[in-house]
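Undergrad: from the sequence below, what's the structure:
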Amino acid sequence: MTAMRGAAAYGRGAGAYAKVGVESGVMSASPHQLIVMLFDGALASIRKARIHLQDGNRSEKGKAISKALEIVTNGLQAALDAERGGEIAERLDMLYDYIGRQLLAANRHDDVERLDEAERLLSDIASAWREIAPQAQATGG
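TA: Alright, predicted model coming up:
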């Protein structure tokens with residue numbers, strides 16, 4: 001029983017430490033780095049959803065897809081600045097909307113191909129975003 005309590009306490013402690021690490025990373029991140037973190041989170045959630053889908057764990061698949069959708073719509077899409085971003089922001093808005101619809105359909109129909117499509121598109125955008133990192137740092141963004 002003591003070993004079980006010790007393991008549980010360790011698990012809570014490790015979870016709290018990880019949360020503090022993430023929060024510290026967010027607090028010290030530049031706006032550009034925050035977007036990279038959003039991409040990473042969405043992509044990780046899609047990968048988790050795929051694993052849960054393949055394992056037949058519909059509940060966890062749904063949670064992972066919901067988390068990815070939340071990041072795409074309330075993180076990446078909400079961060080777009082139509083005024084400053086112009087046509088690029090408009091196109092990204094449409095792309096994020098499409099990705100969101102792919103995620104919803106993947107969840108509704110247990111469709112791995114739609115998950116793959118959402119992941120591929122997000123990976124492509126994330127890759128381009130990472131490439132502009134030196135420019136963003138030089139301009140303070």
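Undergrad: give me the most central residue, the protein.
TA: Ala42 (1.7 Å; Cα atoms, centre = their mean).
Undergrad: hey, which helix or strand in the protein has the poorest pLDDT?
TA: helix 2-28 (a mean of 47; mean pLDDT, DSSP states H and E).
Undergrad: in the chain, which spans are helices?
TA: 2-28, 31-55, 58-71, 82-109, 112-131, 133-138 (DSSP state H).
Undergrad: mean pLDDT for these: which is lowest?
TA: Ranked by mean pLDDT, those bottom out at helix 2-28, which scores a mean of 47.
Undergrad: phi, psi of Asn57?
TA: Recorded main-chain torsions at Asn57 are phi -90, psi 80, according to degrees, to the nearest 10.
Undergrad: identify the residues contacting Arg114.
TA: Going by Cβ atoms under 8 Å, 6 or more residues apart in numbering, Arg114 touches Gln102, Leu103, Ala105, Ala106. The way it works is simple: take the backbone N, C-alpha and C, and place the C-beta from them, glycine included.
Undergrad: TSV for those, including distance to Ala128?
TA: What follows is these, written out as TSV (distance: Cβ to Cβ, whole Å):
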residue	distance to Ala128
Gln102	19
Leu103	20
Ala105	25
Ala106	23
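Undergrad: ranking those residues by neighbours, who comes first?
TA: Leu103 (29 neighbours; other Cβ atoms under 10 Å).
Undergrad: wait, doesn't Gly62 sit right on Asp110?
TA: No: using Cβ atoms under 8 Å as the test, Gly62 is too far from Asp110 to be in contact (10.1 Å).
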